[in-house]
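Asker: just a sequence and a predicted model for now, questions to come.
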Amino acid sequence: MDPILIFKLVLVFVLFAVSLGIAAYSTYAERKIAGFMQDRLGPNRAGPFGLLQPLADGVKMFMKEDIIPETSNRFLFIAGPAITMITALMTSAVIPWGPEITINDVKVPLQVADINIGVLYVLGVVSLGVYGIMIGGWASNNKYSLLGAVRASSQMISYELAMGMSIIAIVMSSSSLSLGDIVAGQSGWGGMHWNIFIQPLGCLIFIICAFAECNRTPFDLPESETELVGGYHTEYSSMKLGFYLFAEYVNMFISSAMISCLYFGGYNFPGMEAVQGNMGEIPFALICFVVLFAKILFFVFFFMWIRWTIPRFRFDQLMNLGWKVLFPLAILNVLITGAVIIFF
Amino acid sequence: MQSLTNRSKVVSNKHLSLAERLYLPAIFGGLRITFKHMFKKKATISYPEEQRDHGRLYRGQHVLKRDEQGRENCTACGLCAVACPAEAITMVAGERKKGEEHLYREEKYAIEYNINMLRCIFCGLCEEACPKDAIYLTDRIAESNYQRGQFIFTKDKLVEGIDKSDRIDVSDRRKAVRKGAM
Ligand code: SF4
Ligand code: SF4
């Protein structure tokens, strides 16, 4: 078989495992960080430092009785969590995890698919994510679920606009729709030519929208336990519930990867040229991979940090912020970017 | 109007300034606070491996005392059960047989003596009520369990051992109870 194809297949499996592993340990990290920020110890019973906690949680989820409500739409009820999980995992395909390496004299990027419209693909998949939630909430035939689903879809649609606009500004300034090119374009200035320095406003908007798209605090209205029991997953139990909760963490991981790639230089780091000159291709690619991962993990931490700091928005505040603040700002950002490109 | 203390504050209804309306400075302030808390000393401990010190007069799990010769003090008079506001104490009284004088101090003794630890509120009224110096609360923490039944502590958990080394020191609480200080 074609070695490049094998390489890509291996990469797919590695990414699959890594995303799930990271998501599993994010649940652990979330609980630990929550504990620390509230002056508690956090989970520490399962294994050393509680490291086996995700495993225990998974086993618990599988052992629970799986209830499908009588009045629900059976097919859609099962499809909901599946769609959510699939869309959560799909985005990782276009994220460039490292620089190009050579296999059989062919340069291969460390990326599953360097499609030239990567950015559009991401936006498309993210919009698909709302279906999982909407279908799940609708099929449950429960008013809390429905309310949660309605909230989720209106929230995601509103924030997608601002998010798309901030990405458009990026696309304009780096004049490419391919994520690989966007990241590679940030390697100037000794590895510090990051888009955040060029697009600070866009970066801020994108991060806020990413929070909203992941349904994370302060935008966790779709599942706000204190108002809607559990929001769209009120009726779910066992591993279906697990999938929903898990997909949230996968989404968080992918969003962090997107933030790192679009605004924080992806795998670029200061002084990378000197490092590149001094070692082979593979070790260098590995270092880049580690750098990118450090950035991603920081943002995953940032997601959690925010969650345990800021209270939830009210729904009208959420809509106000989305439509009256972020959207105009994003458009302004596009205009300014355009003006700068034309006049300088 | 003259205020009685000078702690009162004038509340202003002013509109938020631009910096405040941006929220971001406030959010970063909040982030700073939560970050600092990550490295603070934890308020919780890993019980039961670690235990907190508690005061000498802590009101924890009960003990049924024996006298100097190792005989049980309790005479099953039931005063503790009557005094108990939570109705946690139940007992079955019995008559001491010949040859049991080394076991029970009084002619009547408790064959069974149960305290339901789920009902008990550790108020200490039982020890105040007891005329025979028989029941005291100690600084031991009543252990937790998975089953309700296990929380009904019977005599084998309550009565202290006969050996001098197994005796449980309640002198501090005894003093406090006598003084009525609890
Ligand atoms: S401590 Fe109070 S509640 Fe507990 S058994 Fe004694 S009298 Fe009852
Ligand atoms: S513990 Fe004291 S009050 Fe209670 S039955 Fe025994 S002797 Fe009476």
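Answerer: Received, thanks. Ligands and ions are numbered 1, 2, ... in the order given.
Asker: now the helix or strand where A:Leu161 lies: buried residues?
Answerer: Using DSSP states H and E, A:Leu161 sits within helix A:143-174. Across helix A:143-174, burial judged by 16 or more other Cβ atoms under 10 Å in any protein chain shown covers A:144-156, A:158-171, A:173-174. C-beta here means a position set from N, CA and C on the backbone, and glycine is covered the same way.
Asker: please apply the same query to stretch A:50-59.
Answerer: Here stretch A:50-59 shows A:50, A:53-54, A:57 as buried, counting by 16+ other Cβ under 10 Å.
Asker: ok, now stretch B:60-80?
Answerer: Across stretch B:60-80, burial judged by 16+ other Cβ under 10 Å covers B:61-66, B:70-77, B:79-80.
Asker: need the max-distance pair from these.
Answerer: Pairwise distances across these peak at 23.3 Å for B:Gly70 and B:Leu79 (criterion: Cβ to Cβ).
Asker: got the end-to-end distance for stretch A:170-188?
Answerer: The straight-line separation of the ends of stretch A:170-188 (Cα to Cα, to the nearest Å) is 16 Å.
Asker: list of residues touching that stretch?
Answerer: A:94-96, A:99, A:109, A:111, A:114-120, A:122, A:193-195, A:198-199, A:202, A:261-263, A:265-268, A:272, A:334, A:337-338, A:341 (Cβ atoms under 8 Å, 6 or more residues apart in numbering or on different chains).
Asker: which residues are in contact with A:Tyr28?
Answerer: With the criterion set at Cβ under 8 Å, 6+ apart, A:Tyr28 makes contact with A:43, A:50-51, A:53-54.
Asker: show me where pLDDT drops low in the stretch 101-250 of chain A?
Answerer: Within the stretch 101-250 of chain A, the set of residues satisfying pLDDT under 70 comprises A:103-104, A:190-191.
Asker: now do the strands in it.
Answerer: For the stretch 101-250 of chain A, the strands defined by DSSP state E, counting those that start in this stretch cover A:106-110.
Asker: pLDDT of the longest helix along chain A, averaged?
Answerer: Determined from DSSP state H, the single longest helix within chain A is helix A:3-37. The predicted model assigns helix A:3-37 a mean pLDDT of 86.
Asker: would you mind measuring the gap between the ends of stretch B:72-89?
Answerer: Stretch B:72-89 has an end-to-end distance of 17 Å (Cα to Cα).
Asker: let me see the mean pLDDT of it.
Answerer: Mean predicted confidence for stretch B:72-89 is 91.
Asker: next: stretch A:333-342.
Answerer: 87.
Asker: pull the distance from it to the chain's centre.
Answerer: From the chain centre to the centre of stretch A:333-342 is a distance of 27 Å (Cα atoms, centre = their mean, to the nearest Å).
Asker: and if you look at stretch A:71-84?
Answerer: Chain-centre distance of stretch A:71-84: 23 Å, with Cα atoms, centre = their mean.
Asker: so what touches it?
Answerer: Stretch A:71-84 is contacted from outside by A:68-69, A:128-129, A:131-133, A:135-141, A:235-236, A:240-241, A:243-244, A:247, using Cβ under 8 Å, 6+ apart.
Asker: any of the residues you listed buried? List them.
Answerer: Here, 16+ other Cβ under 10 Å leaves A:68-69, A:128-129, A:132-133, A:135-140, A:235-236, A:240-241, A:243-244, A:247 buried among the contacts of stretch A:71-84.
Asker: tell me, which of those make contact with chain B?
Answerer: For chain B, no contacts are drawn from the buried ones among the contacts of stretch A:71-84 by Cβ under 8 Å from any Cβ of the partner chain.
Asker: now do the contacts for A:Ser237.
Answerer: Contacts of A:Ser237 were listed using Cβ under 8 Å, 6+ apart, and they are A:64-67.
Asker: list just the nearest of these to A:Ile207.
Answerer: The nearest one, if we look at those relative to A:Ile207 and count by Cβ to Cβ, is A:Lys64, at 35.0 Å.
Asker: what are the contacting residues of the longest helix seen in chain B?
Answerer: If you go by DSSP H, chain B has its longest helix at helix B:24-38. For helix B:24-38, the external contacting residues (Cβ under 8 Å, 6+ apart) are A:33, A:36-39, A:305-306, A:308-310, B:19-20.
Asker: reformat the contacts of A:Tyr28 as TSV; add secondary structure.
Answerer: Compiled in TSV, the contacts of A:Tyr28 are given as follows (DSSP: H, G, I helix; E, B strand; the rest coil):
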residue	secondary structure
A:Pro43	coil
A:Gly50	helix
A:Leu51	coil
A:Gln53	helix
A:Pro54	helix
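Asker: can I get these in JSON lines with pLDDT?
Answerer: Shown next, in JSON lines, are those (pLDDT from 0 to 100):
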{"residue": "A:Pro43", "pLDDT": "86"}
{"residue": "A:Gly50", "pLDDT": "82"}
{"residue": "A:Leu51", "pLDDT": "87"}
{"residue": "A:Gln53", "pLDDT": "87"}
{"residue": "A:Pro54", "pLDDT": "87"}
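Asker: contacts with ligand 2 among those, please.
Answerer: Applying Cβ under 6 Å from any ligand atom, the subset of the contacts of A:Tyr28 adjacent to ligand 2 is empty.
Asker: could I get those in JSON lines, plus columns for distance to A:Phe327?
Answerer: Listed next are these as JSON lines, based on distance: Cβ to Cβ, whole Å:
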{"residue": "A:Pro43", "distance to A:Phe327": "40"}
{"residue": "A:Gly50", "distance to A:Phe327": "42"}
{"residue": "A:Leu51", "distance to A:Phe327": "43"}
{"residue": "A:Gln53", "distance to A:Phe327": "40"}
{"residue": "A:Pro54", "distance to A:Phe327": "38"}
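Asker: kindly indicate which of those lies nearest A:Met279.
Answerer: Checking the contacts of A:Tyr28 against A:Met279 by Cβ to Cβ gives A:Leu51 as the nearest, at 32.6 Å.
Asker: apart from its chain neighbours, what residue comes closest to the closest one?
Answerer: A:Tyr28 (7.2 Å; Cβ to Cβ, 6 or more residues apart in numbering or on different chains).
Asker: low-confidence stretches in chain B?
Answerer: Those would be B:1, B:180-182, if you go by pLDDT under 70 across chain B.
Asker: now the nearest residue to B:Phe122 once chain neighbours are set aside, what's its secondary structure?
Answerer: Using Cβ to Cβ, 6+ apart and skipping the chain neighbours, the partner closest in space to B:Phe122 is B:Arg59 (4.4 Å). Of the three states, B:Arg59 takes coil under three-state DSSP.
Asker: got the contact list for B:Arg59?
Answerer: Residues near B:Arg59 by Cβ under 8 Å, 6+ apart: B:122-124, B:137.
Asker: 6 Å instead, please
Answerer: B:Arg59 is in contact with B:122, B:124, B:137, counting by Cβ atoms under 6 Å, 6 or more residues apart in numbering or on different chains.
Asker: present the residues you listed as JSON lines; the columns should include neighbour count and secondary structure.
Answerer: Shown next, in JSON lines, are the contacts of B:Arg59 (neighbours: other Cβ atoms under 10 Å in any protein chain shown; DSSP: H, G, I helix; E, B strand; the rest coil):
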{"residue": "B:Phe122", "neighbour count": "16", "secondary structure": "coil"}
{"residue": "B:Gly124", "neighbour count": "19", "secondary structure": "coil"}
{"residue": "B:Leu137", "neighbour count": "22", "secondary structure": "strand"}
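Asker: which one of these sits closest to B:Pro131?
Answerer: Taking Cβ to Cβ as the measure, B:Pro131 lies nearest B:Gly124 of the contacts of B:Arg59, at 15.6 Å.
Asker: can you tell me the residue of the stretch 51-200 of chain A closest to chain B?
Answerer: Per Cβ to the nearest Cβ, the residue of the stretch 51-200 of chain A with the smallest distance to chain B is A:Pro200, at 11.8 Å.
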